[in-house]
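below is the structure, and that's it, no one-letter string:
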């Protein structure tokens with residue numbers, strides 16, 4: 001479909017001729033669909049979904065607008081690949097979704113560029129298997145859960161998520177099959193059909209062996225979660241933050257690690273050298289106490305001399321969302337279907353984090369065991385390994401929109417961020433920090449000092465893609481990946497045929 005000029009599709013609230021409850025979308029396609037062009041397409045779904053593709057959907061360019069949808073904004077069965085363009089979705093149900101859950105080679109979403117804005121009553125962007133973001137600008141303004149998939153790779157771009165449940169969530173797909181159709185009389189059953197959109201971290205949905213993961217190694221990711229029983233970045237398997245990624249995550253309630261944590265993982269929970277991470281929480285959760293070579297906040301350092309310098313910080317409004325980045329996007333798209341962590345991850349899944357290890361001073365967060373201080377956090381795994389100097393501390397409660405600025409002893413600004421929600425617990429790590437050095441933390445009119453802790457020295461199993469410029473996989477055509485091992489096989493076959 002090539003878009004020229006302005007195009008509008010608007011369906012009825014009732015379909016008179018429906019066979020096997022299809023069609024059920026304003027724009028319903030029973031085969032592959034590719035959208036490109038310089039024009040715009042406005043689709044309103046008054047009966048069910050706005051746009052539904054029963055196979056593979058590719059958005060190459062164009063301006064796609066979904067002003068409203070009774071169900072999902074954009075849905076495909078096998079895959080959705082977004083190369084470029086502008087997409088604006090408002091839906092009652094999931095904003096952008098792929099539903100195929102019975103084939104590991106399907107059910108994926110790839111965002112390689114473009115400008116995507118989503119406001120929804122459920123999930124922002126939901127893939128059943130693999131979800132990869134390599135570039136572009138994603139702004140999920142309103143949702144229950146922001147980004148969901150079994151395997152999530154964030155390799156570039158800029159992402160903003162404002163959620164009321166989990167900002168980013170990874171869990172193993174279930175054996176249930178989503179009902180692909182709806183009717184005017186079964187809309188009340190939609191919650192049942194969308195069960196997998198509310199994935200839970202139980203035994204059936206975890207993947208500590210690396211089959212379930214969140215891998216953030218590039219771009220800028222901003223996550224804000226305001227609600228009850230929430231997590232910021234929640235992996236029911238492995239969580240890995242590294243490369244040159246910048247991650248800014250905040251939640252109301254809870255703590256940095258553990259149940260209701262900013263960074264929550266059932267398996268290994270790692271931040272490696274090179275990443276910048278600022279995590280904040282209200283500090284009322286049960287997800288693990290401060291652990292490590294920390295200097296408590298020095299509130300006695302507050303004085304009138306700081307007030308004039310810091311008033312500007314206190315008057316800052318909530319973080320303004322920046323426009324799309326214009327940097328070049330690597331043409332080598334990440335493997336969007338089968339890429340997973342090394343299966344030996346389970347053997348290093350903090351099985352060695354006994355009580356003695358937890359007291360080494362190199363593991364942030366407490367162990368969160370039942371019956372101990374800050375318990376009910378989910379057990380020994382409710383902590384993290386940060387392989388570069390970091391600060392984890394608690395300060396007086398700060399209002400939403402109060403800027404955090406960290407300076408070194410030479411008054412150089414190391415990091416700065418303005419959380420959109422109130423906070424008192426802070427985790428800060430940057431490759432610019434030096435262990436043992438004292439840093440000044442300025443929050444509004446309050447000044448505290450803290451000493452950067454030593455890096456965690458535990459062995460961390462890295463994912464197969466560890467940077468935004470990784471070229472481990474090759475692209476033959478947009479949305480289709482050939483892994484290196486298959487390329488080798490093809491070369492061998494061609495060599496044999498030429499003999």
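Great, that's in hand. All of these numbers come straight from a predicted model, not from anything done at the bench. Numbers count the residues shown, from 1 in each chain.

make it CA atoms for all contacts and neighbour counts henceforth
OK.

what comes up buried for the lengthiest strand in the chain?
Taking DSSP state E as the criterion, the chain has its longest strand at strand 390-398. In terms of neighbour count (16 or more other C-alpha atoms under 10 Å), strand 390-398 has its buried residues at 390-395, 398.

got it, and stretch 21-34?
Buried residues in stretch 21-34, counting neighbours by 16+ other C-alpha under 10 Å, are found at 23-29, 33-34.

shaky segments in the stretch 51-200 of the chain?
174-200 (pLDDT under 70).

ok, back up a step: so which other helices or strands are in contact with the helix or strand following the longest strand of the chain?
Next in sequence after strand 390-398, counting helices and strands by DSSP states H and E, comes strand 404-407. With contacts taken as 3 or more C-alpha pairs under 8 Å, 6 or more residues apart in numbering; DSSP states H and E, strand 404-407 sits against strand 413-417, strand 438-443.

give me the sheet partners of strand 404-407 and which way each runs.
If you go by DSSP bridges, strand 404-407 pairs up with strand 413-417 (antiparallel), strand 438-443 (antiparallel).

need those in CSV (columns: distance to residue 156, mean pLDDT and mean neighbour count).
Output for those, formatted as CSV (distance: least, C-alpha to C-alpha, whole Å; pLDDT from 0 to 100; neighbours: other C-alpha atoms under 10 Å):
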stretch, distance to residue 156, mean pLDDT, mean neighbour count
strand 413-417, 19, 98, 17
strand 438-443, 28, 98, 22
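
reformat these as a markdown table; add distance to residue 102.
Shown next, in a markdown table, are the strands paired with strand 404-407 (distance: least, C-alpha to C-alpha, whole Å):
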| stretch | distance to residue 102 |
| --- | --- |
| strand 413-417 | 42 |
| strand 438-443 | 49 |
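
tell me which residues in stretch 217-229 are buried?
Neighbour-count burial for stretch 217-229 flags 217-226 (criterion: 16+ other C-alpha under 10 Å).

so which of those are in strands?
220-225.

if I pick residue 433, what's in contact with it?
Taking C-alpha atoms under 8 Å, 6 or more residues apart in numbering, we find residue 433 in contact with 388-390, 414, 452.

report the secondary structure state of it.
coil (DSSP: H, G, I helix; E, B strand; the rest coil).

and residue 13, by the same measure?
Taking three-state DSSP as the rule, one finds residue 13 in the coil state.

quick one: the closest residue to it other than its chain neighbours from residue 126, how far?
Using C-alpha to C-alpha, 6 or more residues apart in numbering and skipping the chain neighbours, the partner closest in space to residue 13 is residue 47 (4.5 Å). Between residue 47 and residue 126 the distance is 21 Å, computed by C-alpha to C-alpha, to the nearest Å.

settle it for me: which of the two has more neighbours?
Legend: neighbour count by other C-alpha atoms under 10 Å for residue 47 and residue 126, higher for residue 126 (28 against 23).

measure residue 17 to residue 87 for me?
Distance from residue 17 to residue 87, by C-alpha to C-alpha: 30 Å.

sorry, slip of the keys, the one I care about is residue 119.
11 Å.

likewise residue 51?
12 Å.

same question for residue 2.
Taking C-alpha to C-alpha as the measure, residue 2 falls 15 Å from residue 87.

who has more neighbours, the two?
Shown here are residue 2 and residue 87; by other C-alpha under 10 Å, residue 87 has more neighbours (22 against 14).

tell me the contacts of the more buried one?
Counted by C-alpha under 8 Å, 6+ apart, residue 87 has contacts 63-65, 114-117.

go with 10 Å
For residue 87, the contact set (C-alpha atoms under 10 Å, 6 or more residues apart in numbering) comprises 40-41, 59, 61-66, 74, 114-118, 138.

rewinding a little: to residue 159, which of the strands paired with strand 404-407 lies closest?
strand 413-417 (15.1 Å; C-alpha to C-alpha).

wait, isn't residue 150 in contact with residue 234?
No - taking C-alpha atoms under 10 Å as the definition, residue 150 is not a contact partner of residue 234, at 11.3 Å.

which residues are common contacts for the two?
Taking C-alpha under 10 Å, 6+ apart as the contact rule, residue 150 and residue 234 both touch 169-171, 213-214.

can you list which of the residues you listed are found in strands?
169-170, 213-214.

could I get these as TSV with distance to residue 278?
Compiled in TSV, those are given as follows (distance: C-alpha to C-alpha, whole Å):
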residue	distance to residue 278
169	18
170	21
213	20
214	17
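
secondary structure element holding residue 139?
strand 137-143.

what's the angle between that strand and strand 220-225?
0 degrees (axes from the mean of the first three to the mean of the last three C-alpha atoms, to 10 degrees).

strands paired with the next helix or strand after strand 137-143, and their directions?
Later in the chain than strand 137-143, the nearest helix or strand by DSSP H and E is strand 145-149. Applying DSSP bridges, strand 145-149 is found paired with strand 123-126 (parallel), strand 166-170 (parallel).

dump the ones you listed to JSON lines, plus distance to residue 91.
Formatted as JSON lines, the strands paired with strand 145-149 follow (distance: least, C-alpha to C-alpha, whole Å):
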{"stretch": "strand 123-126", "distance to residue 91": "9"}
{"stretch": "strand 166-170", "distance to residue 91": "18"}
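
so, low pLDDT: which residues of the stretch 351-499 of the chain?
For the stretch 351-499 of the chain (pLDDT under 70), the answer is 351-382, 470-499.

strands of that one, residue ranges please.
385-386, 390-398, 404-407, 413-417, 423-429, 438-443, 446-451, 474-477, 480-482 (DSSP state E, counting those that start in this stretch).

which elements pack onto the second one?
Here strand 390-398 is seen to pack against strand 276-281, strand 423-429, strand 438-443, strand 446-451 when contacts are counted using 3 or more C-alpha pairs under 10 Å, 6 or more residues apart in numbering; DSSP states H and E.
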